[in-house]
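J.: Sharing a model that was predicted from the sequence below.
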Amino acid sequence: MYRDLREFLARLEREGHLRHVRREVDRDLELAHVAKVNEQESGPALLFDRVKGYPGTSVLTSAFTSRERVALALDLPPETRFLEIARSWVQRIKDKRVPPVEVASGACQEVVQKGDDADLDSLPSPWFYPKDGGRYVGTAAYLVSRNLETGRLNLGTYRVMVIDGKRAGIQIIKAKDAEIDLRGYAAAKRPMPVALVIGGDPLLFLCSSTLFPLTESEYEVVGALRDAPVPVVRAETSDLLVPADAEIVIEGEIVPGELLPEGPFGEYPGYYTGAGAVDREYIRVTCITRRRDPILWSTTVGKPITDTHMIMGINRTASLWNDLQNMKIPGIMGVYGPPAAAGRMLAIIQLKQMYHGHSTQVGLAAFATVTGNYGLKTVILVDEDIDPENMDQVMYALAFRYQPDRGTQILERGRSTPLDPSLPIEQRYMTSRVILDTCIPYEWDHKPMPIEMDEALVKRIRSEWASYFEEPAKARPRGKELVGV
Ligand SMILES: Cc1cc2nc3c(=O)[nH]c(=O)nc-3n(C[C@H](O)[C@H](O)[C@H](O)COP(=O)(O)O)c2cc1C
């Protein structure tokens, strides 16, 4: 496993998955546009070595825009299939949590900037798209907060826009863990101490954007995934614990009820969230700690496939699968949240039917999980012989096994995300949902008879495959035989 982001980047570079951008770039638009063009060409992760006006700080983009790099973050062979990456995730965290370990010092505090020095403009936060409301310091960052009642430390990825040197607007969508934490501080009439972290083991970022139950700390899940505790240090200005090997930590507090305009920001559905800037909570910065030569990790957004799509593709697939497994429903063979759907709007679930109504149970259960409850709109159910990761097979099932009146169940009044552009901007907290059940009904006595090959013959053909393409042995020409006699 990786100690920190640098070890991960070294591995990416060794395996040809990372390229340095040597030319100087402007953090306003140019950097993000180079990253987007590279992503459109399915390019590697990019490390911008020279950002104009910011010597000594580099910017990383596109770390997770390919399945291979997500596999490498989990220390799996790069060719591992998506479903297998998710299966490994589910197995590693099954009934296991590893608490973080507090250490005396960490690279994340090599430089401590307090007072006037704690200036957000000391970091090369990129401006991504022309119509964005500002520069974003937090795209591949996670916010650490503590629940006042339980003491649980939460790690959550929420976008963060620089307002000025001391203030950063944050979009914590309703009912996310940090928003629920904030309700506790509001009731106690106290500001909520927070730390916005960039870097550390890349699994920290992968997990901070996963929907775990409110009571769970992502530190402990990451500990289970990497099979070793996350080393943490005490923050400079609060009792929060932050990853010792992080690149940058922005410490501060959020005052409940104090709002400032944030956004707009081009989001992963390919659209701006709303009509313009929205008043949101913001971080009052008290201190910035960092490495001497920090890496500001950023993710581009916009249409698929960006980091966000790939990250949520893997973490929503794994967490939905994990949730279903915890419900102890038998027969679930595979779960796939395609990256193009950001892993969350649509899921394909493969099952081996074992009793009447089994497939309906699985479809309904998916929407009832912690993961599926939030914004999942479509569940496609497929039988055990359909590979959910193979779109040709899924289309085949939809075309030939799905029967609209029998296989469609529409549900209403589900929890939605304000980012879903299929809903009117003012009504985005509720969505309808649909189950598309392509499974051949369990109760049918007479099931369609599948066409199958003769397996023994297939085996022989495979073992003699090359011989089917050899020139036939030449027959000896009769006439010549005679000549020689
Ligand atoms: C790159 C990226 C950016 C995200 N931005 C936001 C955001 O601005 N606001 C938000 O509420 N969720 C955002 N999410 C989704 C949350 O990270 C996700 O719902 C996560 O579960 C939140 O943590 P929590 O469950 O501890 O609240 C983002 C996810 C990714 C991968």
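T.: Arrived safely.
J.: Contacts only, for the nearest residue to His17 once chain neighbours are set aside.
T.: Taking CB to CB, 6 or more residues apart in numbering, and ignoring the residues beside it in sequence, His17 has Pro44 as its nearest neighbour in space, at 5.0 Å. Placement of C-beta: from N, CA and C, glycine included. Residues near Pro44 by CB atoms under 8 Å, 6 or more residues apart in numbering: Leu12, Gly16, His17, Leu18, Arg19, Asn38, Ser62.
J.: Reformat those as a markdown table; add distance to Phe400 and secondary structure.
T.: Converted to a markdown table, these look like this (distance: CB to CB, whole Å; DSSP: H, G, I helix; E, B strand; the rest coil):
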| residue | distance to Phe400 | secondary structure |
| --- | --- | --- |
| Leu12 | 42 | helix |
| Gly16 | 41 | coil |
| His17 | 39 | coil |
| Leu18 | 43 | strand |
| Arg19 | 44 | strand |
| Asn38 | 39 | helix |
| Ser62 | 38 | coil |
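J.: biggest helix in this protein by residues?
T.: helix 307-326 (DSSP state H).
J.: Now for the closest residue to Ser416 other than its chain neighbours: which residues touch it?
T.: If the residues on either side of it in the chain are set aside, Ser416 comes closest to Thr431, at 3.6 Å by CB to CB, 6+ apart. Applying CB under 8 Å, 6+ apart, we find Thr431 in contact with Gly375, Lys377, Gly414, Arg415, Ser416, Asp420, Leu423.
J.: shouldn't the fourth one be in contact with Tyr374?
T.: This means Arg415. Yes. The criterion here is CB atoms under 8 Å, and Arg415 meets it with Tyr374 at 5.3 Å.
J.: So which of the two has more stuff around it?
T.: Comparing Arg415 with Tyr374 by other CB atoms under 10 Å, the one with more neighbours is Tyr374, at 19 against 16.
J.: Which residues are in contact with the more buried one?
T.: Residues in contact with Tyr374 (CB under 8 Å, 6+ apart) are Leu211, Arg344, Arg415, Ser416, Thr417.
J.: And the residue nearest in space to the middle of the chain, how far from Lys474?
T.: Nearest residue to the geometric centre of the chain (CA atoms, centre = their mean): Ile311, 1.9 Å. Distance, Ile311 to Lys474, by CB to CB, to the nearest Å: 60 Å.
J.: Using CSV, write out every CA atom in the strand or helix carrying Val112.
T.: Using DSSP states H and E, the element containing Val112 is strand 111-114. The C-alpha coordinates for strand 111-114 follow below in CSV (Å, rounded to 0.1, in the frame of the first residue of the first chain):
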residue,chain,number,x,y,z
VAL,A,111,5.6,24.5,6.8
VAL,A,112,3.0,26.2,9.1
GLN,A,113,1.4,29.4,7.9
LYS,A,114,-0.6,31.3,10.5
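J.: Just the residues contacting it, thanks.
T.: Strand 111-114 is contacted by residues Asp119, Ser122, Glu236, Thr237, Thr286, Cys287, Ile288, Thr289, Arg290, Arg291, Arg292 when judged by CB under 8 Å, 6+ apart.
J.: For the residues you listed, which single residue is the most surrounded?
T.: Neighbour counts for the contacts of strand 111-114, by other CB under 10 Å, peak at Thr289, which reaches 27 neighbours.
J.: so that one, which of the three states?
T.: strand (DSSP: H, G, I helix; E, B strand; the rest coil).
J.: thinking it is in contact with Glu247, fair?
T.: No. Using CB under 8 Å, Thr289 makes no contact with Glu247, being 10.1 Å away.
J.: Show me the common contact partners of the two, please.
T.: Taking CB under 8 Å, 6+ apart as the criterion, Thr289 and Glu247 both touch Cys108.
J.: Summarise which helices and strands the longest strand along the chain is packed against.
T.: Criterion DSSP state E: the longest strand present in the chain is strand 246-262. If you count contacts as 3 or more CB pairs under 8 Å, 6 or more residues apart in numbering; DSSP states H and E, strand 246-262 packs onto strand 160-164, strand 167-170, helix 177-187, strand 192-199, strand 278-290, strand 295-297.
J.: from what I can see Arg23 touches Lys52, true?
T.: No. Using CB under 8 Å, Arg23 makes no contact with Lys52, being 10.4 Å away.
J.: neighbour-wise, which of the two wins?
T.: Comparing Arg23 with Lys52 by other CB under 10 Å, the one with more neighbours is Lys52, at 13 against 10.
J.: got the contact list for the more buried one?
T.: Applying CB under 8 Å, 6+ apart, the residues near Lys52 are Glu24, Val25, Asp26, Arg27.
J.: residues from the stretch 251-400 of the chain in reach of the ligand?
T.: Neighbours of the ligand within the stretch 251-400 of the chain, by CB under 6 Å from any ligand atom: Thr299, Thr308, Ile311, Met312.
J.: re earlier: for burial, what's the neighbour tally of the closest residue to the residue nearest to the centre of the chain other than its chain neighbours?
T.: Of all residues not flanking Ile311 in the chain, Phe64 sits nearest, at 5.2 Å (CB to CB, 6+ apart). Neighbourhood size, Phe64 [other CB under 10 Å]: 26.
J.: What strand or helix carries Phe64?
T.: Counting by DSSP H and E, Phe64 is found in no helix or strand.
J.: is it true that Ile170 touches Thr157?
T.: No. Counting by CB under 8 Å, Ile170 does not reach Thr157; the two are 10.7 Å apart.
J.: Overlap of the contact sets of the two?
T.: Taking CB under 8 Å, 6+ apart as the contact rule, Ile170 and Thr157 both touch Gly138, Leu143.
J.: Pick out whichever of those two has more residues nearby.
T.: Thr157 (24 against 21).
J.: how close does that one get to the ligand?
T.: Per CB to the nearest ligand atom, to the nearest Å, Thr157 is found 3 Å from the ligand.
J.: picking that back up, list only buried entries from the contacts of Lys52.
T.: Of the members of the contacts of Lys52, the ones counted as buried by neighbours, 16 or more other CB atoms under 10 Å, are Val25, Arg27.
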